[in-house]
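J.: Attaching a predicted model along with its sequence, questions to come.
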Amino acid sequence: KVFSSLQRDRKIKKVYLTLTNKPVPIGLHVHWMWSPLLARGETAGPPCQFVSHTPPASRRKARQSWTRCVLEVTKSEPINIHKYDGHTYDP
């Protein structure tokens, strides 16, 4: 419950490091997650998430079935990765 309340109050900052084929645009990226799949069950949650980049048709549908998520990209830096740099990633 403590983690959920901190998350809800926007007091947690998550930092992700990812590798993409193209630069990611800086700024806010809004997407919608299907709420019924967010509830954790006996198997500790769903194996995948249904995501949409199109907002729900109405506010009522949004409140009932969707969770609005916002990802803020603050920087996107190119890096060079070579096949023999001591990792298993094969570009």
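T.: Alright, I've got the coordinates.
J.: Please make it C-alpha for all contacts and neighbour counts, starting now.
T.: OK.
J.: Next, count neighbours for the residue nearest to residue 30 when sequence neighbours are not counted.
T.: Of all residues beyond its chain neighbours, the one nearest residue 30 is residue 70 (4.6 Å), with distances taken as Cα to Cα, 6 or more residues apart in numbering. By the criterion of other Cα atoms under 10 Å, residue 70 has 12 neighbours.
J.: Nearest residue to the residue nearest in space to the middle of the chain in space, please, no chain neighbours.
T.: Closest to where the C-alpha atoms of the chain average out (Cα atoms, centre = their mean) is residue 71, at 6.5 Å. If you skip the residues right next to it in sequence, residue 71 has residue 29 as its closest partner in space, 5.1 Å away by Cα to Cα, 6+ apart.
J.: Make sure that neighbour is indeed in a strand.
T.: Yes. Using DSSP: H, G, I helix; E, B strand; the rest coil, the assignment for residue 29 is a strand.
J.: For it, grab the count of nearby residues.
T.: Under the neighbour criterion other Cα under 10 Å, residue 29 is assigned a count of 12.
J.: quick one: contacts for it?
T.: 70, 71, 72, 73 (Cα atoms under 8 Å, 6 or more residues apart in numbering).
J.: Between which two of those is the distance greatest?
T.: Pairwise distances across these peak at 9.8 Å for 70 and 73 (criterion: Cα to Cα).
J.: Quick check: neighbours shared by these two?
T.: In contact with both residue 70 and residue 73: 28, 29, using Cα under 8 Å, 6+ apart.
J.: can I get the contacts of residue 29 in TSV with secondary structure, pLDDT and distance to residue 18?
T.: What follows is these, written out as TSV (DSSP: H, G, I helix; E, B strand; the rest coil; pLDDT from 0 to 100; distance: Cα to Cα, whole Å):
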residue	secondary structure	pLDDT	distance to residue 18
70	strand	85	17
71	strand	86	13
72	strand	88	14
73	strand	90	11
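J.: count of neighbours near residue 21?
T.: 7.
J.: quick one: secondary structure of it?
T.: State at residue 21, reduced to three classes by three-state DSSP: coil.
J.: residues in contact with residue 30?
T.: 53, 68, 69, 70, 71.
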